[in-house]
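Participant: Just the structure for this:
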Amino acid sequence: MAISKEGLNNFDFSVLKIFIASNVDQESQKITNEFVGQINRRKTEKSKLVIARSTTESHLDSGNAIYFEITPEMSSDYEIRNKRGSLSIIAKNKETLKWLGYNLISILGDFHFLENSDLPPSYLNFHTGHFDFHMKYREPHLLPNTDVKITEVLHTHSVDKDWGIWGHNLEKVFVDGVPLNARALTPNGRNNNQLCFSSEETYSAVETFIKNHYGEVEEKRFMIAPNDNKVVCTCASCKKNGNTNESATPAVSNLLNKLAKTFPKHHFFTIAYHTTTEAPKIKMEPNTGVFISTINFPKSVHIDRKNQSVQDFSRLVKQWNNNVNNIYIWDYISNFDDYLSPFPVLARFKNQQKYFHSLGVSGIFLNGSGYDYSPFDDIKTYVLSALMINPSLSVQKLIKSYCNKFYPVTGSVISEYIIGIEQQNISSNNNINVYSSFRNVTTSYLDQDRFLLFYEKLTQLRDKAKDQELKSIDKLLTALSYTRLQMFYHNGNLSNGFFNLVNGNLEVSNKVEPTLNRLKEYQGFEKFEKYKEDGGYLNTYLSEWESLKSKPLISNLIQKTQVREISSGQFLKESVLLSDNIPGFTSDFHQGWLISGESLNIECILKMYSKSSSTIEMKFLINERFRMLQPQKIEIILNGKVMETFSEKDLTQSGNTMLLKKKLKVNNKQKLEVRIYKNSTSTRALIACDEILLY
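Facilitator: Just a heads-up that it's a prediction; the model follows:
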């Protein structure tokens, strides 16, 4: 994004000689020297720029001088003084001054043939003024931001760089194992799955860990959070602090305050989650804080302030804000059931961030695909980091400027597609679940025709790309091939589906093979193994496709199924899953399985056929972690009369599935119903059923 002379007030970046000066303090001089070194290293043969490093401020009045200074006590995050012939840049800390330096190099490169191809386009105008970052803590948890160099350039934070303890990992401070007194005491005795936050052993272990690993020289953040369960310590000390059977907030808050006083240069956070959801009733130290999850906050662009979830979240933030200075939120920017399909989040984040800020939020952890690749993650990292610094920036301009620089051949096609799905999301204002099956994705925000057109355009342009753009496009097309395969799979025998009906038989279309082959190329890329958060390995997904291709598809004599939950009487929209001729993937319950928490009555509408003796077959997915259990019993009903009843002993287990396969005398003039009763060992048990086959 080249900036004109007019856009830079009076400082002329096109002059061929620039004096570089700095304050006399060691840090300011160090950062300034690094800046000068980078300029000189980045000069190309065409560059005529001369940089003169001055150790004094004498050149500031001689014209064409840039001055750097770090002033920790300043009230704003940084200040720009731009006047004719001089540009002064004053920052609160070295990280901010480095970031401003990278922006300057990006701008200078456009005037002086500097090698700046690794730097994103600058969105700063360097106008005179005092400036504050919209968010003090800024982390887009996407793959590019796990690179420390990227965090410097974009001025973002990261869990690997900025945190000594992150998440539910407090037990790592106990080098020799957790002592008995540091375990939570409950009415049932000591609990090995939770900690006591009032014990001296716990405090001593954290204190020693910090002193041994970090001291007080380098500023770090530490997450002091209970393990991920609802167990609360109710020992005498914890009760004295204020713990109840449901709330560990009092003991955790006291520990945070104690650590904050011991280490005033560090920052100590907890999570408003499970047993620490309740806000503390005591005043917390200035260097403490909390993360509040937005998991129940609607994921739509426009905020309905009358929505109960919005009101509940706002109330919780305000409660914590009464006694805590640093309120951070834990937001979500990926579909954790599908990392590889396009996911609109930029417009939603821009709008919601302003609301969060109005509540007193000063930092954001944007939970994304993390250490796994996802399409457009470089673009999203750039745009999100910019918006957390300045929310008034245009999402469209940011996308276009980034794509124009890093995708010279394909950039216009990529930016057009991303902007298109973002605009569609603004118009529809759908509440997009961050755990969504592909069926929900295509009904919510992913237009298949638009995607296919983009996929084809990108494929056609691929051969014209070179160097880094070619590598990026190859990786992107490989990822999007997963989305293309998902369309093949879920469309069945429709125009974009994976099988055809030929002479009464089902055959896998040869259209699938090129896309499958392209997805297999994922093995040639780093950090590219998964398509979703839980499991989701691409080698497993591809093996499901190979299995699908290798086994003959059976044409189902059941034309249509209508599924009703027996208790509620509700008819399920996904009834088609039991008669669509698409076998479920045993590795992923989102792939072809109908899931319900109630017993089911299934009415089967049969095709016209002559024979009366058939085989009925149905398969169930077993996944105890997600409460998917074998059915209690299955009834076959003809013309309203129960003809057969089957139990668990009639099911054959194979891996994580159970199969019922029985002969059945039925013809198309009879009314066929199947009744599946869920497992009675748990009220929360689910039924996960694949195709009900009749052949």
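Participant: can we go C-alpha only for contacts and neighbour counts from here?
Facilitator: Will do.
Participant: Please give the element, helix or strand, for residue 619.
Facilitator: Using DSSP states H and E, the secondary-structure element containing residue 619 is strand 613-621.
Participant: Would you mind extracting the C-alpha trace of that strand into PDB?
Facilitator: Written as PDB, here are the backbone C-alpha positions of strand 613-621 (Å, rounded to 0.1, in the frame of the first residue of the first chain):
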ATOM      1  CA  SER A 613     -38.300 -61.000   0.200                       C
ATOM      2  CA  SER A 614     -35.500 -58.500   1.100                       C
ATOM      3  CA  THR A 615     -32.700 -57.700   3.400                       C
ATOM      4  CA  ILE A 616     -32.800 -54.800   5.800                       C
ATOM      5  CA  GLU A 617     -29.600 -53.400   7.200                       C
ATOM      6  CA  MET A 618     -28.800 -50.500   9.500                       C
ATOM      7  CA  LYS A 619     -25.500 -49.400  11.100                       C
ATOM      8  CA  PHE A 620     -24.900 -47.500  14.400                       C
ATOM      9  CA  LEU A 621     -21.800 -45.500  15.300                       C
END
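Participant: Show me what that strand is packed against.
Facilitator: Packing partners of strand 613-621 (3 or more Cα pairs under 8 Å, 6 or more residues apart in numbering; DSSP states H and E): strand 657-665, strand 687-694.
Participant: Ok, which of the ones you listed comes nearest residue 300?
Facilitator: Closest approach to residue 300 among the helices and strands packed on strand 613-621 (Cα to Cα): strand 687-694, 29.3 Å.
Participant: give the contact list for the residue lying closest to residue 400 once chain neighbours are set aside.
Facilitator: Leaving out its chain neighbours, the residue that sits closest to residue 400 by Cα to Cα, 6 or more residues apart in numbering is residue 415, at 5.7 Å. Residue 415 makes contact with 399, 400, 403, according to Cα atoms under 8 Å, 6 or more residues apart in numbering.
Participant: and residue 415, what pLDDT?
Facilitator: pLDDT, the model's per-residue confidence, is 98 for residue 415.
Participant: Residue 234 now?
Facilitator: 97.
Participant: okay, now it: neighbour count?
Facilitator: 24 (other Cα atoms under 10 Å).
Participant: helix, strand or coil for it?
Facilitator: coil (DSSP: H, G, I helix; E, B strand; the rest coil).
Participant: and if you look at residue 106?
Facilitator: Reduced to three states by three-state DSSP, residue 106 is helix.
Participant: Got the domain ranges for this structure?
Facilitator: 6-131, 137-426, 467-550, 558-694 (automatic domain parsing).
Participant: what helices or strands is the longest helix out of those in the chain leaning on?
Facilitator: If you go by DSSP state H, the chain has its longest helix at helix 467-491. The contact analysis (3+ Cα pairs under 8 Å, 6+ apart) places helix 467-491 against helix 448-462, helix 512-519.
Participant: contacting residues around it?
Facilitator: 340-341, 374-376, 406-408, 438-439, 448, 452, 455, 458-459, 462-463, 465, 496-498, 512, 515-516, 518-522, 525, 582, 592.
Participant: Now with 6 Å, please.
Facilitator: For helix 467-491, contacts defined as Cα atoms under 6 Å, 6 or more residues apart in numbering pick out 340, 341, 375, 407, 496, 497, 498, 515, 518, 519.
Participant: now do stretch 37-53
Facilitator: Residues contacting stretch 37-53 (Cα under 6 Å, 6+ apart): 16, 17, 18, 19, 20, 112, 113, 114, 115.
Participant: quick one: the residue nearest to the first one when sequence neighbours are not counted and residue 40, what's the gap?
Facilitator: On the basis of Cα to Cα, 6+ apart, the spatially nearest residue to residue 16 that is not a chain neighbour turns out to be residue 49, at 4.6 Å. Taking Cα to Cα, to the nearest Å as the criterion, residue 49 is separated from residue 40 by 9 Å.
Participant: and these two? which has more neighbours close in?
Facilitator: Neighbour count, other Cα under 10 Å: between residue 49 and residue 40, residue 49 has more, with 20 against 15.
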